[in-house]
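Novice: Here's a sequence, model it:
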Amino acid sequence: MKEKVRVIVLFGGQSSEHEVSRVSAQSVLENLDKEKFDILPVGITKNGEWLPYHGEYKYIGTGEWEEQARREFGKNKAGSETTFPSVRKFIEEICGRPVDIVFPVLHGVNGEDGTIQGLLELAGIPYVGCNVLSSAVGMDKAVSKVLFEKAGLNQAKYIVVKRPEIHSNISEVQKKVETLIGYPCFVKPSNAGSSVGVSKVKHPDELPKALEYAANYDRKILVEEYIDGREVECAVLGFDEPVASTVGEIIPCNEFYDYEAKYIKSDSRICIPADLDREIVEKIRADAVTAFKALDCAILARVDFFVEKRTQKVIINEINTMPGFTSISMYPKLWEAVGISYKELLEKLIELSLLRCKEYYRSFERRL
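Specialist: Numbering: from 1, shown residues only. Next up, the predicted model:
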């Protein structure tokens, strides 16, 4: 019998998207093939503690997992004093087993931004998803916009505002927004996801409050031109020769696809495939692969676009290097629409990640 691949599924994390990560991880865990994978969930609490979890998956989404994991971990480690000569030994000691690969189902900062990826690189442990560089620049919307521009992708007009400017030079910021961007506009943290900290600003007197709100989540804030367009998304899979899925459209229940529309209300709709002309669909798919390559992404990403209603112009919005993985999330749904089931998709992601890791380490003196 072929030996099972030992997978650690990381979830939670110190991020404003902690709760979203838990729900994504529950879905991943429920769909991983237990005949092929030896699976251990490991939760990262909001305080940054790592806790292996052996209970029912349904308690991960609700948050009840933590109390049970803490109780069990404390019992197993009571009175033990251990030194860890390497990051890998530390992770394996925490998990209580050797590790073949880690699936970091973590969204937002301290998880999707290259930090966990860097830790796993140091440990020499293969992981699912983009590497340190692409995770970091994909998380930082301001940096990714520079790379998208270099790649020739259409974007909305934008400016970057640093947190100190809000208090020391707000009148200059307001003048710049009025001159270069106009109203309505969107204000958002450069490093955040799931529409956390995002505001639609319709009048100049609303701008300071929106900037303060975004500054709660990041020191760097984006002010972007409002695009009157349809919101569409495309999934990308692979590394050397990435491929794009079909295109899906989001029809939000709120004025825009904010956190409430994504995760709290159930009135938003997803249309897969999107009702768009074939030429526009192919343009979106091509641009998604271009964006993926521009950031040197690998394994997976979801690329979000607008299709401007008046001109039908395709405008890139952002890239997500660890997109949502709930049962209704767009990334798995887009692949499902072209014949790859959720279970098959997870297997492909792990298989590709292990292959990518072998190729990656050929470039270094160090070996796995």
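Novice: so the nearest residue to G229 once chain neighbours are set aside is in which element?
Specialist: Closest residue to G229 apart from its sequence neighbours, by C-beta to C-beta, 6 or more residues apart in numbering: F306 at 3.5 Å. Where C-beta positions appear, they are placed from N, C-alpha and C, glycine not excepted. Assessed by DSSP states H and E, F306 sits inside strand 299-308.
Novice: for that strand, packing partners?
Specialist: Counting contacts by 3 or more C-beta pairs under 8 Å, 6 or more residues apart in numbering; DSSP states H and E, strand 299-308 packs against strand 229-238, helix 278-294, strand 314-320, helix 330-336, helix 342-361.
Novice: What angle do helix 278-294 and the first one make with each other?
Specialist: Spelled out, that is strand 229-238. Calculated by axes from the mean of the first three to the mean of the last three C-alpha atoms, to 10 degrees, strand 229-238 forms an angle of 50 degrees with helix 278-294.
Novice: How far away from the center of its chain is strand 229-238?
Specialist: Put simply, strand 229-238 sits 13 Å off its chain's centre (C-alpha atoms, centre = their mean, to the nearest Å).
Novice: same check, this time on the last one
Specialist: Average the C-alpha atoms of helix 342-361, do the same for its chain, and the two points are 17 Å apart (C-alpha atoms, centre = their mean).
Novice: Okay, buried residues for it please.
Specialist: Y342, L345, L346, E347, K348, L349, I350, L352, S353, L354, R356, C357 (16 or more other C-beta atoms under 10 Å).
Novice: With pLDDT and distance to N216 as new columns, can the residues you listed be given to me in JSON lines?
Specialist: As requested, the buried residues of helix 342-361 are arranged in JSON lines below (pLDDT from 0 to 100; distance: C-beta to C-beta, whole Å):
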{"residue": "Y342", "pLDDT": "96", "distance to N216": "34"}
{"residue": "L345", "pLDDT": "97", "distance to N216": "35"}
{"residue": "L346", "pLDDT": "97", "distance to N216": "34"}
{"residue": "E347", "pLDDT": "97", "distance to N216": "39"}
{"residue": "K348", "pLDDT": "97", "distance to N216": "38"}
{"residue": "L349", "pLDDT": "97", "distance to N216": "33"}
{"residue": "I350", "pLDDT": "97", "distance to N216": "36"}
{"residue": "L352", "pLDDT": "96", "distance to N216": "37"}
{"residue": "S353", "pLDDT": "96", "distance to N216": "34"}
{"residue": "L354", "pLDDT": "94", "distance to N216": "39"}
{"residue": "R356", "pLDDT": "90", "distance to N216": "36"}
{"residue": "C357", "pLDDT": "86", "distance to N216": "37"}
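Novice: Pull the most distant pair out of the residues you listed.
Specialist: Farthest apart among these by C-beta to C-beta are Y342 and C357. That separation is 23.0 Å.
Novice: Which residue ranges make up the domains of this protein?
Specialist: With domains defined by automatic domain parsing, the chain comprises 5-127, 138-154+228-357, 158-225.
Novice: Just confirm E231 contacts E249, I think it does.
Specialist: Yes. E231 is within contact range of E249, at 6.8 Å (criterion: C-beta atoms under 8 Å).
Novice: Can you pull up the most central residue in this protein?
Specialist: The centre of the chain sits closest to M322, judged by C-alpha atoms, centre = their mean, with a distance of 3.1 Å.
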